[in-house]
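>>> Next come a sequence and a model predicted from it.
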Amino acid sequence: MPHIHLGEGSFPLWALVLWTLIGAGLISTVVYRIRKGGIKTHQIALAGVGAAASFAVFQLNIPVWGGIHMNLTGLVGIIAGPLLGALVALVVNIFSAALGHGAVGLIGANTLINASEAIVAYYAFKTLLGMEWDVFPASASAATLGLSVGSFLMGAIIVISGVNGSALPRGDLLIAVGGLSALNLGVAVVEGILTGLIVQFLASVRPDLVGLTDRDTRDEPTGVTA
Amino acid sequence: MSSDRSEERGPLVDLQCEAHTYPDGTVGMHEVDFSVYSDEVVVLVGGNGAGKSTLLEHLNATLIPDDGELVVDGTPITEDNKPHARKEVGFVFQDADTQLVAPTVLDDVMFGLQNYGVPGDEARERAREALATVDASHLDDRIPHYLSGGEKRLAGLAGVLVLEPSVVVLDEPLAGLDPDRSQLVAERIEQIHEDGISVVLSTHDLEFAAEVADRVCVMAEGNIIGGGTPREVFYDDALLADANLHPPSAVRVARDAGLGATAQPVTESDLVSLLTEAGNSNTAPKPSTDGHRHD
Amino acid sequence: MSSDRSEERGPLVDLQCEAHTYPDGTVGMHEVDFSVYSDEVVVLVGGNGAGKSTLLEHLNATLIPDDGELVVDGTPITEDNKPHARKEVGFVFQDADTQLVAPTVLDDVMFGLQNYGVPGDEARERAREALATVDASHLDDRIPHYLSGGEKRLAGLAGVLVLEPSVVVLDEPLAGLDPDRSQLVAERIEQIHEDGISVVLSTHDLEFAAEVADRVCVMAEGNIIGGGTPREVFYDDALLADANLHPPSAVRVARDAGLGATAQPVTESDLVSLLTEAGNSNTAPKPSTDGHRHD
Amino acid sequence: MTTLSNHVPDPRLITAFAERRDGPLHRINPWTKIGVVGVLVLAVTVFDRLALLAGLYGTVLVVYGVADLPYRRLIGWYTLPMLFIVSVAGPLAFLEPGTPIGGALPTPFGGFSVTWEGLTLFLELSCRSLTVVTFALTASMTTKYTDVAYMLGRLLPRPIDQIALLTYRFTFVMLETLEDLVKAALSRGANFSEFWSNKRLYARILGMTMLSAIEQSERLVKSMEARGYDGDLTLYGDVPRPPARELVAIAACYTGVVAYALVGVYEVVPV
Ligand SMILES: Nc1ncnc2c1ncn2[C@@H]1O[C@H](COP(=O)(O)OP(=O)(O)OP(=O)(O)O)[C@@H](O)[C@H]1O
Ligand SMILES: Nc1ncnc2c1ncn2[C@@H]1O[C@H](COP(=O)(O)OP(=O)(O)OP(=O)(O)O)[C@@H](O)[C@H]1O
Ligand SMILES: [Mg+2]
Ligand SMILES: [Mg+2]
């Protein structure tokens, strides 16, 4: 089961408009905060190349349950911070949509989901590190938590929107979506463990990287939350 | 070169390739027949984009020809026995950074052994030995990422030698190295060869090619356009011109100074001995150099 | 070298650096005084990790000394006028891939101009001219991804030349290039120099250093341990040994063949003319000279 | 490369189609293609009849063929979008109220069966999704690299445009890094076919990819700042406005879809 993005045309028009507006609102807030803080060249470069890496990683087939693909959104959040993480989520979704993965009309909704993953993973990681957790459990839990929030949010978005053309009552829709969310949670655990191992690896070869993240976001004490 | 032995046994690696087309449609290599015999050093030379890396990556089935066959030690390689090719043909990639993936150098050298199921203690033992053969024992607990370019390349080499391949392939082993480190790597390559392992490498450094090669293959535009001993190749003007190459320094000097007619030096030491012999055979104490009498 | 003019005007770039410490605590460079005068080619040589890149990156304030000063064309560089250093001192980095950021080569050459607010049409005009000076006009609408290593480097060079710097800094300009492309880049460098721009570069190719340098600086362990003309440096055994370097081929040949006593050739053509002169001054029959295709 | 998936389109292949071929779609203005994507998104969202959606999908498939693109690849690339449909519409096909197809499957929770309505829903959702997926790929595979870059620069606000432009440029570099890492590990006998026993290997490969991205970005900053960059990469190049007939065609499409929606679906305008 790959990491699932919402598919094109699955929601009614009003929902498409709603999620696009909310997504745009989130991105505007992020852009506003970034512009106010004065974005530095190194942040642009990190986000740009980081998004490229995230997009490239998506090409790798991970042989679990017949093959899954991941963007490592949680990892991107942990490395790039919440603000850049949200922008990376948007950019990756734009390119994914252009290659037929995800949906053009639902870039807003999909970005909302991925940005929340990055943001939650970032703050969870900081918090757990602050509680003296080791790198592996902290990053694995943080990423799993972030991705779980993402899959929960995705379920919520589907239930709120209702499926285009379906006469099923919302209550019953919840059951159908439950299955999807469960699958996504499974992927979240795999990706969480993988993220933990990656962060552990990065910490072993470039221990400064976690500190580097600190530097990037120190002037942003209060986070943007989805 | 123990050519009798190699003829007897047939080639260690034999590649018959119709063409190789990359996924985006670029033809990286055209029709190529390439064999490696036991106990030889083969050097591929050619311009950027000539197809050297493409050819080398076929030798251990990293790339698969569009149509053709790879035979390693008598066994044709199919989808199922790629591991055989991977084991017999060790590959040191050009980019040392993408080669080292473990947290320490020792771990990295053990990586291949673990993949082949060698138990931990034995693997550690063999990894230490391999590091020693490339004079890199002191690096064992270093983080690969922080090594210098030359050190990374030695670690990469150890990681391949430890698998005891019969052929070692190196893609531009001297790239980015300073002269001292280049020499160290070059010496290790000579030594691998002395240990009876065949070596195939690509390089832009024709002086180095002249120094180490038993056989030079010249590539251009995805084809092997010629080959032979360094002397044959580096004195073949038409061939070099076709490949946009210039002869190595010693050849040019010998040529331009009008020395090369019969002696045909290809390495610096050839040139030096040509000059000194000329000097000695002469009565003149100074650099008189009618060295063409030397054979 | 018009040293009178340069003395009159003072150095174009003058770096006084106590030390440079990287964020992780590695000291990349110790106390260094380094100046570039107008109309000269300075070549930095030294082993891997000797500090060449670190020094070069100080020259346009990419790196800032822990304690010290950079003066460019008489103006001390502070946090506020870094753009002055960036404009006067063009930098071509070793990694050609990170040098090209825009979608096409022409866009990329215009990138710097656009950053300095040159309007579109003028920028396009000047970019085309800059591409022409490096013989790369045909590349203008190509995508960086499809360029070869040599082409990338020429494009990077054009992107720097278009800003009309008074000094161009190149970090290992020949890395990864085949002999033909190396020669093309080397010729472009000579030409930039002829156009009156000073050039500072680092290289591991001492033959190339001997060929292009007016002045060679030898680095080791973060210090400049010596310098002078190529002839002074490459015949200074103690200095080269300290830097773990070997003299260039021509020097070694001349030495080993006992020729270097008085003439001291440093480039291949020096060696050739030494040999031919020697040959001519001799009465011995002149060897066949089929090889005057020296490049 | 076997480990890189053939379910995800390789950007290098997509770009190669755009750069090296010259079909009829290559000659259509890129803005027009974006316009078509927009109208298709709108259409698949508001159209409410299977026949209509299937017709739309069929048309897009024909356009894909006319553009001289390979159908064979498309099947592999459909895997991921179909997964969403299967995982959402799959259960709905059973749950959707309506007439059961064939007999019900008795389960402890009661009778269980696919309904006609459920099946229709499944097919509708498939057509909706695949219509846009197919056309997005068509557009990507027929629009030149530089045009895509200029449009990104035009459409996105600062600093997102900067990030997107760098992402576009460096995706190719990062893919090669990832591929090199996989190659090097494979040649030392690594086994990528099972995840759990090789999870550390995966972590290292992905970690090195990320690390290489971070270090690449550090070098990138240096090289951009050396040429005066201060966070503002404006491209001079531009994609021209579409020719009049393409504008008319697009306007007609939008009008048609909106009219159908107002009349046929939402019944805002009584017939
Ligand atoms: N992954 C790839 N995708 C598409 N084309 C490729 C790829 N790798 C190489 N090529 C192309 O194949 C041809 C041969 O490239 P190859 O790397 O084998 O040359 P090379 O002789 O090793 O050059 P160099 O000296 O620069 O390393 C070139 O035209 C190159 O652009
Ligand atoms: N970004 C960095 N962070 C920490 N240390 C660094 C960094 N860059 C270089 N160094 C260290 O600084 C020293 C000088 O490195 P530098 O890159 O200047 O050497 P170099 O002479 O250019 O070597 P090479 O010939 O390999 O390019 C080395 O010890 C190196 O490990
Ligand atoms: Mg190569
Ligand atoms: Mg350097």
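Now that the structure is in, tell me what you want to look at. Ligands and ions are numbered 1, 2, ... in the order given.

>>> Could I get the full set of strands for the stretch 51-200 of chain D?
Using DSSP state E, counting those that start in this stretch, the strands of the stretch 51-200 of chain D run over residues D:105-107, D:110-112.

>>> give me the low-pLDDT residue ranges for the chain?
No chain specified, so I'll use chain A. Where chain A drops to pLDDT under 70, the residues are A:1-4, A:66, A:210-226.

>>> look at chain D instead
Low-confidence segments of chain D, defined by pLDDT under 70, span residues D:1-3, D:102-112, D:233-236, D:269-271.

>>> From chain C, how far out is B:Thr98?
Per CB to the nearest CB, to the nearest Å, B:Thr98 is found 14 Å from chain C. C-beta here means a position set from N, CA and C on the backbone, and glycine is covered the same way.

>>> State the distance from the closest residue to that residue other than its chain neighbours to ligand 2.
Excluding its sequence neighbours, the residue lying closest to B:Thr98 (CB to CB, 6 or more residues apart in numbering or on different chains) is D:Asp180, at 3.9 Å. Here the criterion is CB to the nearest ligand atom, to the nearest Å. By it, D:Asp180 lies 20 Å from ligand 2.

>>> For D:Asp180, give its distance to ligand 1.
For D:Asp180, the distance to ligand 1 (CB to the nearest ligand atom) stands at 9 Å.

>>> show me the contacts for that residue.
With contacts defined as CB atoms under 8 Å, 6 or more residues apart in numbering or on different chains, the neighbours of D:Asp180 are B:93, B:95, B:98.

>>> Likewise for D:Leu123?
Each residue near D:Leu123 by CB under 8 Å, 6+ apart is listed here: D:50, D:54.

>>> what's the burial count for D:Arg245?
Using other CB atoms under 10 Å in any protein chain shown, D:Arg245 has 9 neighbouring residues.

>>> SS state for it?
helix (DSSP: H, G, I helix; E, B strand; the rest coil).

>>> can you check B:Arg128 too?
When the rule is three-state DSSP, B:Arg128 gets the label helix.

>>> Looks like it contacts B:Asp140 (just checking).
Yes: with contacts counted by CB atoms under 8 Å, B:Arg128 reaches B:Asp140, the gap being 6.9 Å.

>>> just the contacts of D:Asp180 now: which is nearest C:Tyr116?
Within the contacts of D:Asp180, the smallest distance to C:Tyr116 is 34.8 Å, found for B:Asp95 (CB to CB).

>>> partners of B:Asp14 in the sheet?
Under the criterion DSSP bridges, B:Asp14 forms beta bridges with B:Ser35, B:Val71.

>>> Tell me who's in contact with it.
If you count contacts by CB under 8 Å, 6+ apart, B:Asp14 has them with B:34-36, B:70-72.

>>> Next one: D:Arg158 relative to A:Ile34, how far apart?
In this structure, D:Arg158 lies at 9 Å from A:Ile34, with CB to CB, to the nearest Å as the measure.

>>> Compare these two (neighbour count), which wins?
Under the criterion of other CB under 10 Å, the comparison of D:Arg158 against A:Ile34 puts A:Ile34 first, with 23 against 17.

>>> And the contacts of the host helix or strand of the more buried one?
A:Ile34 belongs to helix A:13-37 when elements are defined using DSSP states H and E. Defining contact as CB under 8 Å, 6+ apart, one finds that helix A:13-37 is touched by A:11, A:43, A:83-84, A:86-87, A:90, A:105-109, A:111-112, A:115, A:157, A:160-162, A:219-220, A:224, A:226, D:41-42, D:45-46, D:157-160, D:261.

>>> What's the ChimeraX syntax to select whichever of those are buried?
Applying 16 or more other CB atoms under 10 Å in any protein chain shown to the contacts of helix A:13-37, the buried members can be selected in ChimeraX as follows:
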select /A:11,43,83,84,86,87,90,105,106,107,108,109,111,112,115,157,161,162,224,226 /D:41,42,45,46,158,159,160,261
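
>>> Okay, and which of the contacts of helix A:13-37 map to strands?
Among the contacts of helix A:13-37, no member falls in strands (DSSP state E).

>>> so where do the strands sit in chain B?
Going by DSSP E, chain B shows strands at B:13-17, B:20-21, B:27-29, B:32-36, B:41-46, B:68-72, B:75-76, B:89-92, B:167-171, B:198-202, B:215-220, B:223-228.

>>> Skip the chain neighbours and tell me the closest residue to B:Phe91.
Beyond its immediate neighbours in the sequence, the residue positioned closest to B:Phe91 (CB to CB, 6+ apart) is D:Ser187, lying 4.2 Å away.

>>> Measure how buried the one you found is and give me the count.
Per other CB under 10 Å, the neighbour tally for D:Ser187 reads 27.

>>> repeat for B:Leu274
Residues near B:Leu274, counting by other CB under 10 Å, number 26.

>>> thought it was touching B:Thr262?
No: with contact defined as CB under 8 Å, B:Leu274 does not count as touching B:Thr262 (10.0 Å).

>>> which of the strands of chain B is buried the deepest?
Mean neighbour counts were taken over the strands of chain B using mean count of other CB atoms under 10 Å in any protein chain shown, and the top value, a mean of 28, falls to strand B:89-92.

>>> Provide the contact partners of that one at residue level.
Identification of contacts with strand B:89-92 by CB under 8 Å, 6+ apart yields B:13, B:56-57, B:59-60, B:62, B:72, B:99, B:153, B:156-157, B:160-161, B:163, B:165-171, B:173, D:184, D:187.

>>> Now intersect those with the helices, please.
Among these, the members falling in helices (DSSP state H) are B:56-57, B:153, B:156-157, B:160-161, D:184.

>>> Now for these: which two are most distant?
Using CB to CB, the pair of the ones in helices among the contacts of strand B:89-92 lying farthest apart is B:Glu57 and B:Leu161, separated by 19.1 Å.

>>> which residue ends up closest to the midpoint of chain B in space?
Residue closest to the mean C-alpha point of chain B, counted by CA atoms, centre = their mean, is B:Leu201 at 2.0 Å.

>>> D:Gly23 and D:Val66 touch, don't they?
Yes: D:Gly23 is in contact with D:Val66 according to CB under 8 Å; the separation is 7.4 Å.

>>> Look at the two and report which has more neighbours.
More neighbours surround D:Gly23 than the other of D:Gly23 and D:Val66, with 16 against 12 (other CB under 10 Å).

>>> Thanks a lot, catch you later.
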